[in-house]
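Trainee: here is a sequence with its predicted model. Questions after.
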Amino acid sequence: MLLDGAGEIVEMFRNSFPLSFLFFVPIFILISPMSPASAAHDFAVYRMQQYDLQGAPHGSRNALVNVEARPITVAVFTRKCVIVKLKELTIDKYKEMVQQSAGGLLVLLPTPIQGISKEEKEHLMELEQDLMEEESQTPVYFAYETPELNGIYDSIKRLSNSDAAESAFEAMMGSMTSNGFQLQVAGPQSKALNEFQIVNIQGKLAGYGIEEQLPTILIAAHYDAYGVAPSLSFGADSNGSGVVALLELARLFSKLYTNSRNHAKYNLVFLLTGAGKFSYQGTRRWLEDQFESGETSHVGDVAFVVCLDSIGNGDTLHIHVSKPPKEGSQLDTFVKSLETVVNETQVNRSVKMVHKKINLAEEFLAWEHERFSIRRMPALTVSRFESYKSPQRATILDTRDSVDTEVLSANIKALAEALACQIYNLSTTEGSEVFSDGMKVDVDLVNSWMDYLSLTPRAAQLLTKDSPELANLQLAMNRHLKDVKRHVFKADKRDPECIFYSGTEFTMNAYSVKPAIFDLFLGLAIAAYLAVLYLVTQVEHRKWHCFKESSVDFVPSTRVSSLCDFFRNKFL
């Protein structure tokens with residue numbers, strides 16, 4: 001019965017094709033399987049650095065995006081957000097986008113980023129340095145590649161390729177069948193964090209005797225990381241390795257100092273500083289407060305300062321100094337002890353001294369020890385890098401894989417032995433190791449600390465005074481040191497040295513849109529549909545008008561009669 005009825009319906013609409021076509025077209029449009037959810041995507045994006053250092057702006061000054069996406073191959077970038085894969089982006093293209101006032105830039109990073117080739121790593125590190133040289137009004141974001149993002153990227157590439165078709169018809173059809181995307185990053189614009197607090201953490205091991213009359217050895221390391229995007233800056237080697245080395249040295253020497261027979265006549269001060277990547281602002285303020293407040297117990301009689309920076313890999317320890325130490329000075333003795341320890345206990349490893357004068361005209365100081373050298377304190381920095389300009393010191397590629405735990409542990413042992421030779425006045429003859437057996441470097445602890453510090457990004461603007469990373473560092477120092485306390489400071493309101501800005505991680509929304517040519521053709525199609533519908537109704541109206549005016553009986557058309565007979569038989 002139902003099948004017979006369905007056949008009659010099909011036969012009815014087949015016999016009245018023009019009218020049935022006009023009836024079904026709107027229905028097909030309304031029930032089309034286009035899902036709104038499939039046309040919208042959201043994903044995490046990481047904004048490029050934004051900060052002011054000594055009044056000079058750096059990084060991306062804008063955060064909001066609400067423009068159409070385009071690939072890097074287009075000729076005009078104005079009011080467009082360019083989606084580009086890492087290997088396609090060059091600094092020349094970036095400068096061209098900035099000059100044309102591009103609406104945004106989204107750089108897709110390979111996943112996993114540690115697996116990219118050596119050439120790609122060099123390209124990324126060079127790009128990071130170039131991007132941060134000057135300020136830009138173009139919002140710049142980074143995101144890891146996902147299937148959704150790659151799909152969006154492929155779609156806008158096809159849309160762009162249709163513009164280069166061989167014929168106008170092919171270009172038009174390609175444009176109509178491709179989907180564009182509107183990218184949006186909503187929310188408040190980035191704001192200056194004028195009340196941001198930077199934290200230094202200090203602790204000490206007091207020497208045997210009257211503390212104020214004993215010489216002091218200060219060991220320092222900055223704990224923050226730096227990369228082109230704060231939320232992608234993990235800083236495993238620079239300077240997670242320096243922090244881990246400081247904590248392990250504190251643990252080892254606390255064991256020695258708790259035994260009265262090993263209590264040396266040196267004060268050991270351990271200092272973790274903030275904002276090290278921003279010309280060592282934490283070190284600068286700590287020194288200023290020490291001298292200005294009269295608390296000179298830590299800096300009154302400093303034998304020398306050892307700064308630790310990126311010692312988690314490599315086969316050479318570079319000793320960076322502002323001027324060569326005087327022959328026979330305590331700093332000279334320490335350097336020679338370190339050279340002897342490394343040469344005698346480590347195979348295929350060496351120590352090399354690098355001398356660089358302090359250039360106060362530069363925006364960034366090269367190494368942390370320069371802050372102490374400016375105060376005429378003997379100081380050096382130990383690092384695996386020969387030059388402070390090494391791009392590996394400021395890159396998002398500095399992840400856990402960049403640190404060799406065995407190398408880091410060997411470097412910690414060499415530093416500990418050299419320090420022990422200095423404070424206990426020991427010779428560096430072969431076989432006279434202080435840190436062995438029960439006193440040896442705990443490799444498992446070093447590895448655990450490296451895993452922890454590499455787990456979350458440690459950009460300076462992310463490490464607030466209440467961050468768990470700082471709380472755990474302070475807790476670790478409390479286990480082994482005395483008088484552990486925080487030194488918290490804000491930027492000077494009148495003449496701030498460094499200002500951070502809000503907005504490091506956002507959610508970007510991508511909405512699928514059709515190009516303008518599609519809207520044009522859709523409008524023409526709707527207009528044509530309405531015109532045909534109007535003509536049909538006019539014809540039927542005229543037939544009815546003629547029927548009313550004529551005196552003869554009106555014979556309905558075949559399609560109208562069949563439609564009436566069907567409804568009469570089924571429902572009456």
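Mentor: Arrived safely.
Trainee: so where's the stretch 251-400 of the chain shaky on pLDDT?
Mentor: Per-residue confidence for the stretch 251-400 of the chain (pLDDT under 70) gives these ranges: 294-298.
Trainee: let's go with 50 and repeat that
Mentor: Within the stretch 251-400 of the chain, no stretch has pLDDT under 50.
Trainee: which residues in it form helices?
Mentor: Counting by DSSP state H, counting those that start in this stretch, the stretch 251-400 of the chain forms helices over residues 281-292, 330-345, 369-374, given from the N-terminal end onward.
Trainee: of those helices, flag the one that's most buried.
Mentor: helix 369-374 (a mean of 24; mean count of other C-beta atoms under 10 Å). The way it works is simple: take the backbone N, C-alpha and C, and place the C-beta from them, glycine included.
Trainee: which other helices and strands contact it?
Mentor: For helix 369-374, the helices and strands in contact under the criterion 3 or more C-beta pairs under 8 Å, 6 or more residues apart in numbering; DSSP states H and E are helix 281-292, strand 302-308, strand 316-321, strand 379-383.
Trainee: just so I know, which of these lies nearest residue 473?
Mentor: Taking C-beta to C-beta as the measure, the helices and strands packed on helix 369-374 were each checked against residue 473, and helix 281-292 came out nearest at 13.0 Å.
Trainee: out of the helices and strands packed on helix 369-374, which is closest to residue 180?
Mentor: With distances scored as C-beta to C-beta, the stretch of these nearest to residue 180 is helix 281-292 (44.8 Å).
Trainee: now the helices and strands packed on helix 369-374 as CSV including distance to residue 243?
Mentor: As requested, the helices and strands packed on helix 369-374 are exported to CSV (distance: least, C-beta to C-beta, whole Å):
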stretch, distance to residue 243
helix 281-292, 13
strand 302-308, 8
strand 316-321, 17
strand 379-383, 13
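Trainee: nearest to residue 451, out of those?
Mentor: strand 302-308 (18.8 Å).
Trainee: coming back round to it: turn the helices of the stretch 251-400 of the chain into a markdown table, including distance to residue 487.
Mentor: Formatted as a markdown table, the helices of the stretch 251-400 of the chain follow (distance: least, C-beta to C-beta, whole Å):
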| stretch | distance to residue 487 |
| --- | --- |
| helix 281-292 | 6 |
| helix 330-345 | 25 |
| helix 369-374 | 14 |
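Trainee: for those, which one sits closest to residue 494?
Mentor: The minimum distance between residue 494 and the helices of the stretch 251-400 of the chain falls on helix 281-292, with 14.9 Å, by C-beta to C-beta.
Trainee: what's in contact with the closest one?
Mentor: Outside helix 281-292, the residues that touch it by C-beta atoms under 8 Å, 6 or more residues apart in numbering are 198-200, 202, 220, 222, 271, 273-276, 295-296, 298-299, 368, 371-372, 375, 487, 489, 497-498.
Trainee: now do the strands in the stretch 51-200 of the chain.
Mentor: When assigned using DSSP state E, counting those that start in this stretch, the strands of the stretch 51-200 of the chain occupy the ranges 56-60, 65-71, 80-85, 104-109, 135-136, 140-144, 180-185, 197-205.
Trainee: what about the last one, distance to the chain center?
Mentor: Relative to its chain's centre, strand 197-205 lies at 26 Å (C-alpha atoms, centre = their mean, to the nearest Å).
Trainee: give the pairing partners of the helix or strand that it is followed by; include direction for each.
Mentor: Next helix or strand after strand 197-205 toward the C-terminus (DSSP states H and E): strand 216-222. Note on strand 216-222: by DSSP bridges, its sheet partners are strand 267-273 (parallel), strand 302-308 (parallel).
Trainee: got the angle for strand 216-222 vs helix 330-345?
Mentor: On the basis of axes from the mean of the first three to the mean of the last three C-alpha atoms, to 10 degrees, strand 216-222 is oriented at 70 degrees to helix 330-345.
Trainee: restricting to C-alpha, output strand 216-222 in PDB.
Mentor: Once non-C-alpha atoms are left out, strand 216-222 reads as follows in PDB (Å, rounded to 0.1, in the frame of the first residue of the first chain):
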ATOM      1  CA  THR A 216      82.700  34.800  51.100                       C
ATOM      2  CA  ILE A 217      82.300  32.700  47.900                       C
ATOM      3  CA  LEU A 218      79.100  33.500  46.100                       C
ATOM      4  CA  ILE A 219      77.500  31.000  43.700                       C
ATOM      5  CA  ALA A 220      74.800  32.400  41.500                       C
ATOM      6  CA  ALA A 221      72.500  31.200  38.700                       C
ATOM      7  CA  HIS A 222      69.400  32.700  37.000                       C
END
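Trainee: quick check: angle from it to strand 197-205?
Mentor: Calculated by the same axes, to 10 degrees, strand 216-222 forms an angle of 150 degrees with strand 197-205.
Trainee: compute the inter-axis angle for strand 216-222 and helix 281-292.
Mentor: Using the same axes, to 10 degrees, strand 216-222 lies at 150 degrees relative to helix 281-292.
Trainee: pull the distance from strand 216-222 to the chain's centre.
Mentor: Here the centre of mass of C-alpha atoms in strand 216-222, compared against the chain's by C-alpha atoms, centre = their mean, lies 29 Å away.
Trainee: what's in contact with that strand?
Mentor: By C-beta under 8 Å, 6+ apart, the surrounding residues in contact with strand 216-222 are 239, 242-243, 245-246, 249-250, 266-277, 280, 282-283, 297-309, 368, 372, 419, 422-423.
Trainee: buried by neighbour count, from those residues: which ones?
Mentor: Members of the contacts of strand 216-222 that pass the buried threshold by neighbour count (16 or more other C-beta atoms under 10 Å) are listed as 239, 242-243, 245-246, 249-250, 266-277, 280, 282-283, 297-299, 302-309, 368, 372, 419, 422-423.
Trainee: which phi and psi values does residue 243 adopt?
Mentor: phi -60, psi -50 (degrees, to the nearest 10).
Trainee: again, but for the one 5 residues further on
Mentor: Here is the backbone geometry of residue 248 (degrees, to the nearest 10): phi -70, psi -40.
Trainee: now the strands paired with strand 216-222 in JSON lines, with distance to residue 255?
Mentor: Converted to JSON lines, the strands paired with strand 216-222 look like this (distance: least, C-beta to C-beta, whole Å):
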{"stretch": "strand 267-273", "distance to residue 255": "12"}
{"stretch": "strand 302-308", "distance to residue 255": "19"}
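Trainee: closest to residue 254 out of those?
Mentor: Nearest to residue 254, of all those, is strand 267-273, at 9.0 Å by C-beta to C-beta.
Trainee: now the closest one - C-alpha only, PDB.
Mentor: Extracted in PDB, the C-alpha atoms of strand 267-273 (Å, rounded to 0.1, in the frame of the first residue of the first chain):
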ATOM      1  CA  ASN A 267      81.000  31.700  53.900                       C
ATOM      2  CA  LEU A 268      79.200  30.100  51.000                       C
ATOM      3  CA  VAL A 269      76.300  32.100  49.600                       C
ATOM      4  CA  PHE A 270      73.900  30.600  47.000                       C
ATOM      5  CA  LEU A 271      71.800  32.900  45.000                       C
ATOM      6  CA  LEU A 272      69.000  32.200  42.400                       C
ATOM      7  CA  THR A 273      68.100  35.300  40.500                       C
END
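Trainee: just the pLDDT for residue 436.
Mentor: According to the per-residue confidence, residue 436 scores 85 in pLDDT.
Trainee: count of neighbours near it?
Mentor: 10 (other C-beta atoms under 10 Å).
Trainee: quick one: contacts for it?
Mentor: The contact partners of residue 436, taken as C-beta under 8 Å, 6+ apart, number zero.
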